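Q: Let's see this in three dimensions:
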Amino acid sequence: MKANLLVLILISLLTFTTAIFPQGEVAIPFLLINPSPSNSAMGGTGTALPTDDPFGFLWNPAQLGYTSQTNNLSFNFYPADIKWLGIDQVELKSLAFNAGFNFKSLTGIPLSLGFGYSNVKLKLGEFVITGPNNPEPLGTYKPEYSYHAYSFGLGLDFGAQLSIGYSIKDINSFLADTSPHPDSGEVRAKNKVNDFGILINVPVIKLINDKVQISFNEEIIAYPTFNISFGYSKSNIGDSVQFSGIPQSSPLPRVERIGYGISTGFDLTINDFRFNAFNLSFTSAAEDFLVSGYSNSWEYQDDLDFWDNVILIKGSNRVISRTGTKLDFAETFSFAFGHFSGLGYSDPQKTNGYEIRAKGLLKLFALLAQNPITDFIRDYLDIRYYNINYFEAHEIETKMTGLAIYVHNLNSLF
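A: Numbers count the residues shown, from 1 in each chain. Here you go, the predicted structure:
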């Protein structure tokens with residue numbers, strides 16, 4: 001087996017590992033890759049700021065309870081190959097699908113339910129098997145990590161919005177066709193892990209006075225918004241990983257995430273034409289990697305300091321602190337940026353990206369056309385394109401693109 005197998009695996013995986021222990025490392029650090037282009041632009045956040053991103057439930061399953069209040073169907077995928085960490089052979093493939101329904105219009109109860117599915121796969125390229133004393137190829141194989149995630153979320157709107165969620169991931173890890181031990185065979189493992197989360201969103205201005213508005217004249221009226229949110233999740237809860245052909249087991253990268261978000265902006269109404277003119281979102285979250293290793297064993301322990309890691313956004317040798325900011329303009333264009341530090345990253349790693357939405361243009365077309373068809377498209381459809389730089393301006397910079405399709409407001413048809 002050629003040495004480039006070990007080199008590539010070390011570069012592509014351990015660069016993003018959770019923790020390096022004196023005698024080894026956690027298994028399947030691939031689970032810590034955030035496949036969401038939208039969240040990756042904001043420093044890899046996703047725990048505490050409500051989002052309708054179809055990938056959102058992978059960082060906090062409770063996001064499904066929130067997004068199901070307004071979105072019925074959504075789908076996100078990569079229109080172009082993503083070379084993870086800038087390595088040509090290492091390809092990240094992902095897609096996500098959400099379905100949800102708000103039962104308030106049918107039952108009068110402000111309850112919504114959401115379902116999410118995602119398939120995430122990291123391909124490590126093709127490798128050649130050679131004999132110990134002969135460079136002639138004996139065969140090839142293609143190692144990869146992948147998982148299928150299934151998630152459920154429940155949302156309750158009682159003024160403040162409370163959401164909870166739960167996920168199950170089926171993981172398949174294939175590293176090699178031969179093991180380093182005498183009983184040579186595939187190096188493969190299959191595991192199931194669980195995630196759970198909670199999300200609270202408080203619409204402050206709406207709770208104080210839901211009729212607040214600013215009139216510039218009889219035709220132009222602004223409706224301000226100000227929301228505060230809090231999120232918590234724990235991911236990758238399960239048994240240790242046992243690769244076939246390797247006698248020693250390794251811990252899963254169990255991680256605890258906690259943070260807060262702030263969102264403010266305003267809608268504009270111009271001659272009964274209403275749209276979200278501007279929105280500013282900020283979030284800070286910390287990821288505590290709970291595995292603590294010693295000798296050939298490990299334990300799970302909590303090292304998160306809320307003040308230092310979340311409020312002051314200071315990472316540590318066991319905690320990554322993340323922050324992200326996003327500016328939305330007229331439901332048409334968004335720009336996001338962020339950074340993260342801690343756990344081996346001595347300097348903050350930067351992220352940024354932009355998003356183009358069809359919703360603002362569809363509203364404008366409907367206003368001009370005054371046609372039932374354009375009105376229908378405006379009310380029920382949205383399309384978004386993402387272009388993201390992760391590890392921005394770094395030698396392992398990763399370019400991410402995404403395309404999402406949304407169908408919403410189906411409740412009005414019942």
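Q: Can you check which helix is longest in this structure?
A: If you go by DSSP state H, the chain has its longest helix at helix 359-369.
Q: what about that one, average pLDDT?
A: The average pLDDT within helix 359-369 is 93.
Q: burial count for the closest residue to residue 311 other than its chain neighbours?
A: Leaving out its chain neighbours, the residue that sits closest to residue 311 by Cβ to Cβ, 6 or more residues apart in numbering is residue 284, at 7.3 Å. C-betas here are computed from N, CA, C, even on glycine. Neighbour count of residue 284, defined by other Cβ atoms under 10 Å: 25.
Q: quick revisit: got the angle for the next helix-or-strand element following the longest helix of the chain vs helix 359-369?
A: Downstream of helix 359-369, the first helix or strand assigned by DSSP states H and E is helix 372-380. Per axes from the mean of the first three to the mean of the last three Cα atoms, to 10 degrees, the angle that helix 372-380 makes with helix 359-369 is 150 degrees.
Q: Now do the helix or strand following helix 372-380 and helix 359-369, the angle between them.
A: Counting by DSSP H and E, the next helix or strand C-terminal to helix 372-380 is strand 381-390. Calculated by the same axes, to 10 degrees, strand 381-390 forms an angle of 150 degrees with helix 359-369.
Q: Relative to strand 381-390, what are the paired strands and their orientations?
A: Note on strand 381-390: by DSSP bridges, its sheet partners are strand 345-357 (antiparallel), strand 398-408 (antiparallel).
Q: Buried deepest among those strands, which one?
A: strand 398-408 (a mean of 20; mean count of other Cβ atoms under 10 Å).
Q: about what we covered before: which residues touch the longest helix of the chain?
A: For helix 359-369, contacts defined as Cβ atoms under 8 Å, 6 or more residues apart in numbering pick out 273, 275, 330-332, 374-375, 377-378, 381-382.
Q: thought residue 153 was touching residue 101?
A: No - using Cβ atoms under 8 Å, residue 153 is not in contact with residue 101, being 11.6 Å away.
Q: Neighbour count: those two, which is higher?
A: residue 153 (29 against 20).
Q: which non-adjacent residue is nearest the more buried one?
A: Distances taken as Cβ to Cβ, 6+ apart place residue 64 nearest to residue 153, at 2.6 Å, with adjacent residues excluded.
Q: can you check residue 317 too?
A: residue 343 (6.5 Å).
Q: Need the pLDDT of the one you found.
A: What the model reports for residue 343 is a pLDDT of 82.
Q: For it, grab phi and psi.
A: Backbone geometry at residue 343, expressed as degrees, to the nearest 10, gives phi 50, psi 60.
Q: before we move on, what about residue 45?
A: Its backbone dihedrals place residue 45 at phi -80, psi -170, with angles given as degrees, to the nearest 10.
Q: Any idea what the closest residue to it other than its chain neighbours is bridged to?
A: Nearest residue to residue 45, sequence neighbours excluded (Cβ to Cβ, 6+ apart): residue 324, at 4.5 Å. Counting by DSSP bridges, residue 324 is bridged to residue 283, residue 338.
Q: shouldn't residue 324 be in contact with residue 350?
A: No - using Cβ under 8 Å, residue 324 makes no contact with residue 350, being 10.9 Å away.
Q: what's the overlap in contacts for these two?
A: 337-338.
Q: list the contacts for the residue nearest to residue 311?
A: Taking Cβ under 8 Å, 6+ apart as the criterion, residue 284 is in contact with 45, 48, 259-261, 310-311, 313, 321-323.
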